[in-house]
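> Got a predicted model here, sequence first, then my questions.
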Amino acid sequence: MVFFFRYIGVPNRAFHVRNSNTEEIVFIGGTLMDPDSVDGWHLLTDLSEHIGRIRITSDGLAVGFARRRVIVFNLRNQMILGDEEFRREINVGAADAYDRALMFVNSRGVANVRQVSSLAEICRFMARGSLLGCVNGGYCFTSVGGGIRVWELDHGEYLYILRERIGDASAMIADERYVAACSADNTIHLWDFGAHI
């Protein structure tokens with residue numbers, strides 16, 4: 001079963017989730033952007049920054065990120081598992097979730113890694129200047145100053161910067177084997193982290 005999401009900036013109706021086979025609505029709710037609804041609609045006239053991001057984990061949990069809020073809900077039973085609002089704005093482009101962990105970077109450059117199921121903090125680290133970010137099962141990746149920095153997921157230890165400099169990235173994604181980023185010149189860069197036999 002595949003689900004489709006639609007963002008609506010109406011109080012207590014932030015997400016509409018539909019079953020793709022029957023087109024039946026299986027969930028309406030959430031307050032992801034209520035305090036920022038008006039700002040969100042104004043941003044639609046100037047799409048120069050990310051205003052929201054949704055990620056689905058392999059456990060059937062959906063994680064929604066907005067400028068000041070993170071919400072987690074279970075797609076199977078349509079229950080909200082976590083909803084947290086933050087004082088400092090989140091850089092939505094540097095927010096991601098993968099299996100058990102989610103990451104976001106706030107306006108002061110502090111990256112926060114949390115458990116998806118409970119929003120309990122795993123670690124924090126400094127990631128100033130991070131425009132984009134993504135995570136996989138063991139690492140956090142951030143785009144900073146034309147390069148991709150790699151951080152260890154469980155303790156936030158900085159490991160290294162990927163050798164290839166790509167300039168400003170416009171998109172990034174990672175899984176257990178690959179990290180891919182698109183640079184401003186529309187070139188896709190791919191790094192293979194898999195075991196070589």
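Sure, I can see it. Computed from a predicted structure; not experimentally measured.

> Alpha carbons of stretch 128-137, in PDB - could you do that?
C-alpha atoms of stretch 128-137 as PDB (Å, rounded to 0.1, in the frame of the first residue of the first chain):
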ATOM      1  CA  ARG A 128      27.200  25.600  11.100                       C
ATOM      2  CA  GLY A 129      26.600  26.600   7.600                       C
ATOM      3  CA  SER A 130      24.700  23.400   6.700                       C
ATOM      4  CA  LEU A 131      22.300  24.100   3.900                       C
ATOM      5  CA  LEU A 132      21.300  20.500   3.200                       C
ATOM      6  CA  GLY A 133      21.500  17.300   5.200                       C
ATOM      7  CA  CYS A 134      20.600  13.700   5.100                       C
ATOM      8  CA  VAL A 135      21.100  10.600   7.300                       C
ATOM      9  CA  ASN A 136      21.400   6.800   6.800                       C
ATOM     10  CA  GLY A 137      21.700   4.000   9.300                       C
END
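
> Please point out which parts of that stretch sit buried.
Buried residues in stretch 128-137, counting neighbours by 16 or more other C-beta atoms under 10 Å, are found at Ser130, Leu131, Leu132, Gly133, Cys134, Val135, Asn136. (C-beta placed from N, C-alpha, C; glycine too.)

> so who does the third one touch?
Put plainly, it is Leu132. Contacts for Leu132 (C-beta atoms under 8 Å, 6 or more residues apart in numbering) come out as Gly93, Ala94, Thr142, Ser143, Ala169, Ser170, Ala171, Met172, Ala181.

> give the contact list for the fifth one.
Think Ala169. With C-beta under 8 Å, 6+ apart, Ala169 has these contacts: Leu131, Leu132, Ser143, Ile148, Ala181, Cys182, Ser183, Ala184.

> May I see the buried residues of the helix or strand the fourth one falls within?
Take DSSP states H and E as the rule and Ile148 turns out to sit in strand 147-152. Neighbour-count burial for strand 147-152, counted by 16+ other C-beta under 10 Å, picks out Gly147, Ile148, Arg149, Val150, Trp151.

> ok, then the element right after that strand?
strand 158-161.

> same for that next one, what does it pack against?
strand 147-152 (3 or more C-beta pairs under 8 Å, 6 or more residues apart in numbering; DSSP states H and E).

> The strand it packs on pairs with which strands, parallel or anti?
strand 139-144 (antiparallel), strand 158-161 (antiparallel) (DSSP bridges).

> picking up where we left off before, tell me the one of the contacts of Ala169 nearest Glu121?
Distance to Glu121 across the contacts of Ala169 (C-beta to C-beta) is lowest for Leu132, with 21.8 Å.

> From Leu119, how far out is the residue nearest to the closest one when sequence neighbours are not counted?
Sequence neighbours aside, Ser143 is the residue nearest to Leu132 in space, at 4.2 Å (criterion: C-beta to C-beta, 6 or more residues apart in numbering). From Ser143 across to Leu119, the span is 24 Å (C-beta to C-beta, to the nearest Å).
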